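# Prediction below, plus the sequence it came from.
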Amino acid sequence: MLCVSLVAQADTAPAVNALPTGGQVAAGVATIVAGSANASVPVLNVNQTSQRAVVNWEKFDVGAAATVNFNQPNAQASTLNRISDPNPSRIFGKINAPGEVILVNQAGVYFGPSANVDVGAVTATSHSINDADYMAGKTTYDRNGATGKVVNEGTIKTGLGGYVALLAPEVRNSGVIVAQMGTVVLAAGESITLNFDPSRHLASITATPSAIDALIENRTAVKAPGGLIILSARAINSLVGGVIKQSGTLSASANDTMLVKKGGRIMLSANTVTLSAGSKTVARGEVGGGIVDITASKTVVVEAGAKVSVSATGAGNAGTINIHADEKTTINGSLLAQGGKVSGDGGTINTSSNGTVEIANTAVINAGVRGATGNAGSWNVASMAVEINSTNAAVISTALNSANVNIKATTAGCQLTGTCSQIANAGQITVTADAVIQKTTPILTTLKLEAAQSVFLHGQILSTALSPITLQIISENAVELAATSKLQATEVMIQAPVIESSGDVFAYLFGNSGTLPLISFLAGRISIAGTLRAGSNGRAGSIKIQGQDSVNIYNASIIANGNDGGDIEIVSWNGTVSIVNSVIQTNGGEGRGGAISVAGLQQTILSGSIVEATGINQGGKIIVGNDAQNGTLPFSVYTILDSHTLINVQALATNSQLGGFIETSGHVLNMLATINAGRGGMWLIDPADVTITNSSDSNYTNLSNVYTPNSSSATVTVNVATINTALNAGTSITITTINTGTPGSGSGDITVSSGISKTIGTGSPTLTLTASRNIIINAPITNYSGSAYNGTLNLTLNAGGTISGNASGTIKVNGLSIFNVGAGTGTFSGVISGTGGLTKSGAGTLTLSGTNTYTGLTTISAGGLTLLGGSAIVDTNAI
């Protein structure tokens, strides 16, 4: 009803020559003079000589042909005009002043279509301020029960750096307001204070919520080039509350002719804010964009066709858009924060809510780069719960093509309400099965999903080799990748207390650039049943899986193959790594194999799995249970490799002698897997005690993923068939023990209780047994010498203590045998035969009590060698 009464004033415009009447100077020094040199032109002059003056008016109407001049001493001067008319003041003519003009009328102020206000600064309000406060320089205006409105349908313009303040329970602009590098305020509230900086520029306002409903509406144009625009409408009654309706243009964009060519700032604050279709809220600039802040205690709606822009137009960085609503933020229109057309970084777009953020398929989000140089900007989404579906996934895809996208589900809103019950799935991000986020441009951008609770990913996040993205998923609870999920990115990083992956994760990059594809899983507990791939058409990438508690990989494929193999690390720092019925590969299709490291502090289990780092030209490196050389992995208490597991690092090229390196370790080691390090390769076993024997893997069950040792002994069992297979492939084997300090329980002995034999003429491998204490050979070590066999086996025995063996421990090799006895006296009772020689080294004494028939040279480089029994040395000249 108030709106109707005020608009009615436009229908009853004052007489064209109407001027203010009943003026009385109440404070300061001023005179009021009517008339002009041209009697036909109605003019009223307020001639003021003091810096401040108060004039009380009975009526303040200005007809369309009339002019009111405030002749003030300078641009810093101010005149307060208090109007007692029970009707709104009607301004249809001109008001001129070099300084500040304040119009106070509790019934309201109406600027008609023909109004032309050209002043240093102007305040039009239905609020009140007393004379004493005004004269003291105070700028607080109180509503005091007034219900009048301020409406502008004309033109209001200030000088450079000036301000326009329209203050009332209802403020509507259907005209033009311009404040060059100045400030425009349209505000409602019980009390409103204008805050000035030391240079007397209006910098901000302080408003208390209105006790009645408030409305701020802009239908046409408010312009503050390079300056500040503030729209504020907060009300105590939030049911209807304070409303901002922006259907026109709010522009703080800098003009090309301005000295400072950077966009200004626009601030909208209310209970509800609506940017209508066709509206423009812009703070652009040639050398840089400005800032747009929109906040609401209830809702913000950016309708389809509405545009908010803080883009740079020339050479400069874009600005920032902040949109937040406590209950719901809806984005249907365009949010733009683009770098300059010549150069410049993209800006920042923040859309958030303590409730929900809704993104429609009509939304356009762009914080990208348009010029030749610049960095991508970012779009940040934060709300209590996030669902990414097929609709908003398309918007995210478009945004990702030019900028980084960060999506966060938070429970911060629960702290305001005391409960999250009003928001389903608070703190949770869900990517539905029909959602497809597709990156298609060559600029590298990042997609980050961060949840205070869990992330459930059922859909797809895709890129191609020529459209790279970095994907980060962070959760404070769990990340679950469903079987329907598919992730393709240059880099994938997932971090959460629990990670469960059953989908397809693929990190890929085109070419041999300095950045390699990377997949990284960091969690307390990790379960993988899908596919992880990190490849390229050059060198493959890296896959890092690090769990604090447990890592379970079942029926999975973890692959980093390329022209050269990549790197895979699977570690549990405190628990178990279990790999069952899976494939782990870092194969090099044209060059060398990659590297694989697998270790869990408690247990490292490989069952029914293939672990490969083969290469065409050179084999790779596989470390299981410990990294003795570098100490980068936990040393497993139990390491179990069952007989259905293959570990392969061979070089695949014909006649290649560049096999790879394999290390299998554990305080307790059950070594039954097939090992192939290839010709010229090396297999290192470095646990505590070692017994080489025929073994089965009955201690291990695939169902429980738990290995139970036969006893508390730290003795390690290695299946002799595994050793024989490796030797026949031309792989050198080194078995090294540590001394735990407890005899019989990890004391550092190596015992050969089943025969070791090389029976195929491939390569010239070396079998090295290095014990921190004793070596006991109670079974044959044989190099087969049939007529069709021309291979060689070299044997090196290094004992920190003694070397001994019973009569069954025969040695028959065609290569060199080295016996290094560290201390004490050892007796070797078996027969040493073959064409190879024997070298005795070390400070200890070795007694050979068997009937030896080897034909090579015997060399003593240190310590003593004693021959007993039927020992026969064919060539004794070298003794």
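Everything's here; your move.
# Show me where the stretch 251-400 of the chain has its strands.
With DSSP state E, counting those that start in this stretch as the criterion, the stretch 251-400 of the chain has strands at 265-275, 280-282, 291-302, 307-309, 320-325, 328-331, 334-336, 348-353, 356-359, 364-366, 378-383, 385-388.
# Please, where are all the helices along the stretch 351-500 of the chain?
Secondary structure of the stretch 351-500 of the chain (DSSP state H, counting those that start in this stretch): helices located at 390-400, 412-417.
# cool, the chain as well?
Ranges of helices in the chain, per DSSP state H, are 2-11, 131-135, 390-400, 412-417, 720-728.
# Give me the buried positions along stretch 459-472.
459-463, 467-472 (16 or more other CB atoms under 10 Å). Yep, even glycine has a C-beta here, placed from its N, CA and C like the rest.
# Could you break the chain into its assigned domains?
Listed by automatic domain parsing, the domain ranges of the chain are 1-251, 254-421, 737-879.
# Can you check the distance spanned by stretch 74-85, start to finish?
With CA to CA, to the nearest Å as the measure, stretch 74-85 spans 29 Å from end to end.
# Number the chain from 32, please
Renumbered: residue one is now 32, and that last one reads stretch 105-116.
# Can you mark which positions in it are buried?
Within stretch 105-116, judged by 16+ other CB under 10 Å, the buried ones are 106, 108-114, 116.
# Give the bridge partners for Val523, please.
Beta-bridge partners of Val523, counted by DSSP bridges, are Leu502, Ile550.
# which of the helices of the chain has the lowest average pLDDT?
Looking at the helices of the chain, the lowest mean pLDDT belongs to helix 33-42 (a mean of 45).
# picking up where we left off before, turn the buried residues of stretch 490-503 into CSV, including pLDDT.
What follows is the buried residues of stretch 490-503, written out as CSV (pLDDT from 0 to 100):
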residue, pLDDT
Gly490, 97
Gln491, 98
Ile492, 97
Leu493, 96
Ser494, 91
Ser498, 90
Pro499, 89
Ile500, 92
Thr501, 93
Leu502, 95
Gln503, 97
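# Save those as CSV, and put in distance to Leu478 too.
Formatted as CSV, the buried residues of stretch 490-503 follow (distance: CB to CB, whole Å):
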residue, distance to Leu478
Gly490, 13
Gln491, 12
Ile492, 7
Leu493, 11
Ser494, 9
Ser498, 12
Pro499, 11
Ile500, 6
Thr501, 7
Leu502, 5
Gln503, 7
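# So of these, which two are at opposite extremes in space?
For these, the farthest-apart pair by CB to CB is Gly490 and Pro499; their separation is 19.7 Å.
# What is the burial count for the nearest residue to Glu334 once chain neighbours are set aside?
Nearest non-adjacent residue to Glu334, counting by CB to CB, 6 or more residues apart in numbering: Ala308, 4.7 Å away. When neighbours are counted by other CB atoms under 10 Å, Ala308 registers 14.
# Surely Ala308 touches Val333?
No - taking contacts as CB atoms under 8 Å, Ala308 lies outside contact range of Val333: 9.7 Å.
# between these two, what contacts are shared?
Gly364 (CB atoms under 8 Å, 6 or more residues apart in numbering).
# re the thing from before, any idea which of the helices of the stretch 382-531 of the chain is most buried?
helix 421-431 (a mean of 21; mean count of other CB atoms under 10 Å).
# angle of it against strand 409-414?
Angle of helix 421-431 versus strand 409-414, following axes from the mean of the first three to the mean of the last three CA atoms, to 10 degrees, is 150 degrees.
# helices or strands up against helix 421-431?
Packing partners of helix 421-431 (3 or more CB pairs under 8 Å, 6 or more residues apart in numbering; DSSP states H and E): strand 387-390, strand 395-397, strand 435-440, strand 467-469, strand 476-482.
# And the buried residues of stretch 105-116, which is closest to Leu518?
Closest approach to Leu518 among the buried residues of stretch 105-116 (CB to CB): Ala106, at 62.1 Å.
# Over to the closest one: give its phi and psi.
For Ala106, the backbone dihedrals are phi -70, psi -10 (criterion: degrees, to the nearest 10).
# now do the one 10 residues further on
Summarising the backbone geometry of Asp116 under the convention degrees, to the nearest 10, its torsions are phi -60, psi 130.
# shouldn't Ala349 be in contact with Gly377?
Yes - the pair Ala349 and Gly377 passes the contact test of CB under 8 Å, sitting 5.4 Å apart.
# So the two - more neighbours on which side?
Ala349 (35 against 30).
# For Thr186, list the residues it contacts.
146-148, 206-209.
# I'd assumed Gly350 was in contact with Gly370.
No - contact criterion CB under 8 Å: Gly370 and Gly350 do not qualify, at 10.4 Å.
# Looking at the two, which is more packed in?
When neighbours are counted by other CB under 10 Å, Gly370 and Gly350 differ, and Gly370 comes out ahead with 30 against 27.
# From Ala391, how far off is the more buried one?
Distance check for Gly370 against Ala391: by CB to CB, to the nearest Å, it reads 26 Å.
# Okay, now the unreliable bits of the stretch 332-481 of the chain?
Flagging of the stretch 332-481 of the chain using pLDDT under 70 yields the residue ranges 444-454.
# Could you tell me the end-to-end distance of stretch 398-415?
So stretch 398-415: terminal residues 24 Å apart, CA to CA.
# Quick one: distance of it to the chain centre.
14 Å (CA atoms, centre = their mean, to the nearest Å).
# What of stretch 464-480?
13 Å.
# How about stretch 591-603?
Worked out by CA atoms, centre = their mean, stretch 591-603 lies 23 Å from the chain centre.
# Determine how far the last residue of that stretch lies from the first.
20 Å.
# Equivalent analysis for stretch 671-678, please.
13 Å.
# could the domains of the chain be laid out in TSV, adding distance to His675?
Shown next, in TSV, are the domains of the chain (distance: least, CB to CB, whole Å):
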stretch	distance to His675
domain 32-282	67
domain 285-452	41
domain 768-910	20
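# which one of these is the most hemmed in?
For those, the highest mean count by mean count of other CB under 10 Å goes to domain 285-452, at a mean of 22.
# Tell me how far it lies from the chain's centre.
19 Å.
# Could you do stretch 96-109 as well?
57 Å.
# average model confidence for that stretch?
What stretch 96-109 shows for mean pLDDT is 97.
# before we move on, the earlier item: so what sits against both of Ala349 and Gly377?
368-370, 398, 408.
# The closest residue to Val699 other than its chain neighbours bridge partners, please.
Spatially, and ignoring its direct neighbours in sequence, Val699 is nearest to Tyr669 (4.7 Å; CB to CB, 6+ apart). For Tyr669, the beta-bridge assignment (DSSP bridges) gives partners Gln634, Val699.
# And the one 10 residues further on, by the same measure?
In this entry, Asn679 is beta-bridged to Glu643, Asn707, by DSSP bridges.
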